[in-house]
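Visitor: Quick one: sequence plus predicted model below, questions after.
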There are 2 protein chains.
Amino acid sequence: MNESAAGSQTRMVQVRQNVLKHNDLIARVLREKFCGAGVFVVSLVSSPGAGKTAFLEKLLGMLRERGMRVAALVGDLATENDAVRLARSGAPVKQIITGTVCHLEAQMVEDAISRAEWQLAELDVLFIENVGNLVCPASYDLGEALRMVLLSVTEGEDKPLKYPSIFNTADVAVVTKMDLAAAAGCDVGLLTRNIHQVRPGMEVIETSARTHAGLEKIAELLARRRTLVK
Amino acid sequence: MNESAAGSQTRMVQVRQNVLKHNDLIARVLREKFCGAGVFVVSLVSSPGAGKTAFLEKLLGMLRERGMRVAALVGDLATENDAVRLARSGAPVKQIITGTVCHLEAQMVEDAISRAEWQLAELDVLFIENVGNLVCPASYDLGEALRMVLLSVTEGEDKPLKYPSIFNTADVAVVTKMDLAAAAGCDVGLLTRNIHQVRPGMEVIETSARTHAGLEKIAELLARRRTLVK
């Protein structure tokens, strides 16, 4: 690398560190606001197509049936498709369009909540679905109380080893599309061992939005973690 | 956003533009070098787990059986797993470990080729497998002559609409895991229409690394495009 390139890279790292530091400050204020309002905030990260939206649509419907007040923010580079899908659950939903940005930032979350004019104190759980990306969302705190990393059985058992940061910054791993495990030839035991190699002891929940398998366990997890935070 | 945040973001954009501009300069030199050596360079981009490595392993094996001199560079945040898998084809392979960087850059490609000590003039086709990411690799020219975007049938038909940049910067779309299309309930016609909505007329090839479906078409495409470039 020549001097000019090295210089650009160094400045890039410095400016990026400033942006991350600033993001952390906004995230801290958001977290205090969420705690004060008594809303439990859960973010979802995964590859594109791992099934975040299908999972969340079913989960929102289930939690609403049980009388919980839930809402969701959903990030994408383009389209309002996911907000439309999630709104079918009956929950209030707001889309965040990031344009070319490959991840959500705390400021985008704060802006979306202001635009939505939601009363946070009237919500029990707020979900934030990140842009599909197994790398960059790891670096951005969104003020959430719980971060779930979703991984589908069709992506290959090696993904935790190849994308360790996102597993290290998440609290719970959710295996999705379990109904396709046999067809995809996925060794779920190996997948779980690989998650634990990166993050020993991490809770792993196997789910299927199609069959609703594992959603009860997710609801229990949310109830348990919510009590811990409150 | 307050002034300090806006300032950081503006600086971030400026520095990022410099990095991209510098990347383009290196990519241009690489492209000239590849053309001069008569090697046809093909890059592969996709989500994590779309099946780039399985596809490439089968393709490398098939092209070698036909007497073509092929090699591959493969990018990942961590592990040498993919290089080990690709090397089973018998082709020379070099892993690029990016650490926390979510995409390959032209400089990484140049460095890897130097380290590998390959004689480019002795290669017919060089493949570059990018980090699994549907966003950032779109912005970085690697000096390739052809960019393939891969998308598996398990990711959902809406992905071209939600990640338009990567489709707009690629030359060919490859649908992978066609053997799972029925199990995943994928409407491949809709997927293709969505690709064409973003990129009218884009060539779309349906493949399966498991059944080898479509690989012959890929070999024909490479032969055809290679002749055009030469």
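Guide: Cool, got the structure.

Visitor: In chain A, which residue is most central in space?
Guide: The residue lying closest to the centre of chain A (CA atoms, centre = their mean) is residue A:44, at 1.4 Å.

Visitor: and that residue, how far is that from chain B?
Guide: Distance, residue A:44 to chain B, by CB to the nearest CB, to the nearest Å: 15 Å. C-beta coordinates here come from the backbone N, C-alpha and C atoms, glycine included.

Visitor: next one: residue A:81
Guide: For residue A:81, the distance to chain B - CB to the nearest CB - is 6 Å.

Visitor: wait, that residue sits on residue B:161?
Guide: Yes: using CB atoms under 8 Å, residue A:81 is in contact with residue B:161, at 6.8 Å.

Visitor: Could you report the pLDDT at the residue nearest to the centre of chain A?
Guide: On pLDDT, residue A:44 comes in at 98.

Visitor: Could you name the helices and strands sitting against whichever helix or strand it is part of?
Guide: Per DSSP states H and E, residue A:44 falls inside strand A:40-45. Secondary-structure packing of strand A:40-45 (3 or more CB pairs under 8 Å, 6 or more residues apart in numbering or on different chains; DSSP states H and E): helix A:3-37, helix A:52-65, strand A:125-129, strand A:146-152, helix A:215-229.

Visitor: mind checking which of these is nearest residue A:139?
Guide: Proximity to residue A:139, assessed across these by CB to CB, is greatest for helix A:3-37 (6.1 Å).

Visitor: Check which helices and strands that closest one sits against.
Guide: strand A:40-45, helix A:106-116, helix B:3-37.

Visitor: Can you lay out the helices and strands packed on strand A:40-45 as TSV showing mean neighbour count and distance to residue B:21?
Guide: Formatted as TSV, those follow (neighbours: other CB atoms under 10 Å in any protein chain shown; distance: least, CB to CB, whole Å):
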stretch	mean neighbour count	distance to residue B:21
helix A:3-37	15	9
helix A:52-65	21	34
strand A:125-129	25	34
strand A:146-152	26	34
helix A:215-229	15	46
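
Visitor: can you put those in CSV and add distance to residue B:145 and mean pLDDT?
Guide: Putting the helices and strands packed on strand A:40-45 into CSV (distance: least, CB to CB, whole Å; pLDDT from 0 to 100) gives the following:
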stretch, distance to residue B:145, mean pLDDT
helix A:3-37, 23, 84
helix A:52-65, 35, 98
strand A:125-129, 37, 98
strand A:146-152, 33, 98
helix A:215-229, 47, 92
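
Visitor: how about the ones you listed in JSON lines, adding distance to residue B:224?
Guide: Converted to JSON lines, these look like this (distance: least, CB to CB, whole Å):
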{"stretch": "helix A:3-37", "distance to residue B:224": "35"}
{"stretch": "helix A:52-65", "distance to residue B:224": "38"}
{"stretch": "strand A:125-129", "distance to residue B:224": "41"}
{"stretch": "strand A:146-152", "distance to residue B:224": "34"}
{"stretch": "helix A:215-229", "distance to residue B:224": "48"}
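
Visitor: May I have the strands that pair with the strand holding residue A:44, each with its orientation?
Guide: Counting by DSSP bridges, the strands paired with strand A:40-45 are strand A:125-129 (parallel), strand A:146-152 (parallel).

Visitor: how about CSV for those strands, with distance to residue A:110 added?
Guide: Output for the strands paired with strand A:40-45, formatted as CSV (distance: least, CB to CB, whole Å):
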stretch, distance to residue A:110
strand A:125-129, 11
strand A:146-152, 18
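
Visitor: re the thing from before, out of the helices and strands packed on strand A:40-45, which gets nearest to residue B:106?
Guide: Minimum separation from residue B:106 across the helices and strands packed on strand A:40-45 (CB to CB) falls at helix A:3-37, 9.9 Å.

Visitor: thinking again about what came up before, between the helices and strands packed on strand A:40-45, which one is closest to residue B:197.
Guide: Across the helices and strands packed on strand A:40-45, closest to residue B:197 is helix A:52-65 (CB to CB), at 19.3 Å.
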